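S.K.: Generate coordinates for the sequence data below:
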Amino acid sequence: MSSLPFSGATAAAIVAGLSLLLALFEAALTGLSRRAVNGPAPVSAAATRPPVDPARLRLVAAPFRVVLLALILLLAAAGAAAGSALPAVTGLCALALIHLLEQQGRLRLFGARAPWLAAALAFVLEPAARLLPAARKPEKPDSDAATAEALEDLADLLATAPQERQEMVEALLNLERSTVEDIMVPRNDVDGIDLNADWDEVVDLISRTTHTRLPLYEDDLNRVLGVVHMKRIASELALGRLSRERLREVATQRDALFVPEGTTLQSQLIAFRKLKRRLAFVVDEYGDVLGLVTLEDILEEIVGEFTTQPGSLHRDVMEQADGSYVVAGGAAIRTINRMLDWDLPTDGPRTLSGLIVEHLEAIPEPGKTFSLNGHRIEILQIADNTVRTAKVWSAD
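M.R.: Residues are numbered from 1 along each chain as shown. Predicted structure coming up:
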């Protein structure tokens, strides 16, 4: 150890201490981006010592950060030259851990929730920061800089907000990456009124429905006439005066809204707001209806399920007494994962039925049981070459 005045173990301990200081330094930088790092100024000093601009504090912090990193690397290199790998291994592990924590946002989270850390760092850096000339603010801020500042503020908000608010903001950001097919009700599961069906069946369907709006079509969902609002026909239905002509009149008062597949949820949400609509039909490139998407479906992507059904996690997911779940085949895999905190694959089929058929490469028979991604699935009902219902439970 000729090149070190102390042992390799001591050098490793110093490296560990410097790494801890660097981690705290990184965490404190989160607070320096906020406007109130100095806290409320004392009344006597408020007039003579205005708060230091956080941007100047961050500018002064940069050299200190470099110095800490350089000291860690120098001690590691000196230890290796002296024949001891312990300082280098310690420094490598510590820097890797700091990087991992930074990538996961843990340092930012700690710094945002410990404002005293930023205040302490600001107190240390304040004398040097006051020596810097005040930055001249342009009349129009650069768009890239403004965007970066907005993202920084959003990151701080996410770090300090409660868990539910964090999830809501993240869901808002995901609207641009999700499409209407991800959340739409598949065509086979759409409840609608066939105007050409037996009239008694039509009246029975209208009487039993829990929906406030139902699509009206002729023979096939591709021949959509419009949407019937139950409120507009409730009195006529109660008095027995409802007719096919009246249904057609109510449904065609406003043209049905069609949206192409691939439309992002953000675009669709904006369209719903602009057009004052709550329901749209998703169509493919040939104009065939794939399903329908509602305003409520998009809002549930942001705020979570707000169904009023008692004892139900979701309209398609019903919990059983034995801890299993009866799930509709048309239920979206994203919904199942969100409701039950599972991790069924979402990079292929969008519904449970599609996932089962793809996995088995065949239409299963009722009663068939198999494992998928750590879950046991039992087929309960099959209809029209699709899985209507399945029982799902965790395999462990």
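
S.K.: Now do the strands in the stretch 201-350 of the chain.
M.R.: Ranges of strands in the stretch 201-350 of the chain, per DSSP state E, counting those that start in this stretch, are 213-218, 220-229, 258-260, 279-283, 289-294, 317-319, 325-328.

S.K.: Can I get those in a markdown table including distance to Asn337, mean neighbour count and mean pLDDT?
M.R.: In short, each C-beta sits where N, CA and C put it, glycine included. Output for the strands of the stretch 201-350 of the chain, formatted as a markdown table (distance: least, Cβ to Cβ, whole Å; neighbours: other Cβ atoms under 10 Å; pLDDT from 0 to 100):
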| stretch | distance to Asn337 | mean neighbour count | mean pLDDT |
| --- | --- | --- | --- |
| strand 213-218 | 28 | 20 | 94 |
| strand 220-229 | 28 | 19 | 93 |
| strand 258-260 | 24 | 15 | 95 |
| strand 279-283 | 21 | 22 | 95 |
| strand 289-294 | 19 | 22 | 93 |
| strand 317-319 | 11 | 17 | 87 |
| strand 325-328 | 12 | 22 | 91 |
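
S.K.: Can you say which of these is nearest to Arg338?
M.R.: With Cβ to Cβ as the measure, strand 317-319 is the member of these nearest Arg338 (10.0 Å).

S.K.: Could I get the full set of strands for the stretch 51-200 of the chain?
M.R.: 185-186, 193-194.

S.K.: quick one, which of those is nearest to Ser267?
M.R.: Among the strands of the stretch 51-200 of the chain, the nearest to Ser267 by Cβ to Cβ is strand 185-186 (18.8 Å).

S.K.: what mean pLDDT does that closest one have?
M.R.: Strand 185-186 carries an average pLDDT of 86.

S.K.: Pipe the strands of the stretch 201-350 of the chain into TSV and attach distance to Arg187 per row.
M.R.: Putting these into TSV (distance: least, Cβ to Cβ, whole Å) gives the following:
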stretch	distance to Arg187
strand 213-218	11
strand 220-229	6
strand 258-260	13
strand 279-283	9
strand 289-294	5
strand 317-319	20
strand 325-328	14
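
S.K.: of the ones you listed, which approaches Phe25 most closely?
M.R.: Using Cβ to Cβ, the strands of the stretch 201-350 of the chain put strand 317-319 closest to Phe25, at 46.6 Å.

S.K.: Kindly list the longest helix within the chain.
M.R.: Ranked by residue count, the top helix of the chain under DSSP state H comes out as helix 54-81.

S.K.: Distance from that one to the middle of the chain?
M.R.: 36 Å (Cα atoms, centre = their mean, to the nearest Å).

S.K.: how about it: buried residues?
M.R.: Buried residues in helix 54-81, counted by 16 or more other Cβ atoms under 10 Å: 54, 56-58, 60-61, 64, 68-69, 71-72, 75-76, 78-80.

S.K.: What helices and strands are in contact with that helix?
M.R.: The contact analysis (3 or more Cβ pairs under 8 Å, 6 or more residues apart in numbering; DSSP states H and E) places helix 54-81 against helix 8-32, helix 86-103, helix 115-131.

S.K.: picking up where we left off before, most tightly packed of the strands of the stretch 51-200 of the chain?
M.R.: Among the strands of the stretch 51-200 of the chain, ranked by average contacts under mean count of other Cβ atoms under 10 Å, first place goes to strand 185-186 (a mean of 22).

S.K.: Tell me the strands beside that strand, with direction?
M.R.: Paired neighbours of strand 185-186 in the sheet (DSSP bridges): strand 289-294 (antiparallel).

S.K.: And for the partner strand, what's in contact with it?
M.R.: Strand 289-294 has contacts (Cβ atoms under 8 Å, 6 or more residues apart in numbering) with 180-181, 183-187, 189-190, 215, 221-222, 224, 259, 261, 268, 278-284.

S.K.: how big is the angle separating it from strand 213-218?
M.R.: For strand 289-294 against strand 213-218, the angle by axes from the mean of the first three to the mean of the last three Cα atoms, to 10 degrees is 160 degrees.

S.K.: Now find how far off-centre strand 289-294 is within its chain.
M.R.: Averaging C-alpha positions (Cα atoms, centre = their mean) puts strand 289-294 22 Å from its chain's average.

S.K.: returning to that earlier point: okay if I get the strands of the stretch 51-200 of the chain as CSV plus distance to Glu249?
M.R.: Formatted as CSV, the strands of the stretch 51-200 of the chain follow (distance: least, Cβ to Cβ, whole Å):
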stretch, distance to Glu249
strand 185-186, 25
strand 193-194, 13
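
S.K.: so how many other residues sit close to Ala88?
M.R.: When neighbours are defined as other Cβ atoms under 10 Å, Ala88 has 22 of them.

S.K.: Please name the nearest non-neighbouring residue to it.
M.R.: Leaving aside its sequence neighbours, Ala88 sits nearest to Ala76 (Cβ to Cβ, 6 or more residues apart in numbering; 4.1 Å).

S.K.: one step back: wait, which of the strands of the stretch 51-200 of the chain is closest to Asn385?
M.R.: Across those (criterion: Cβ to Cβ), the nearest stretch is strand 185-186, sitting at 13.3 Å.
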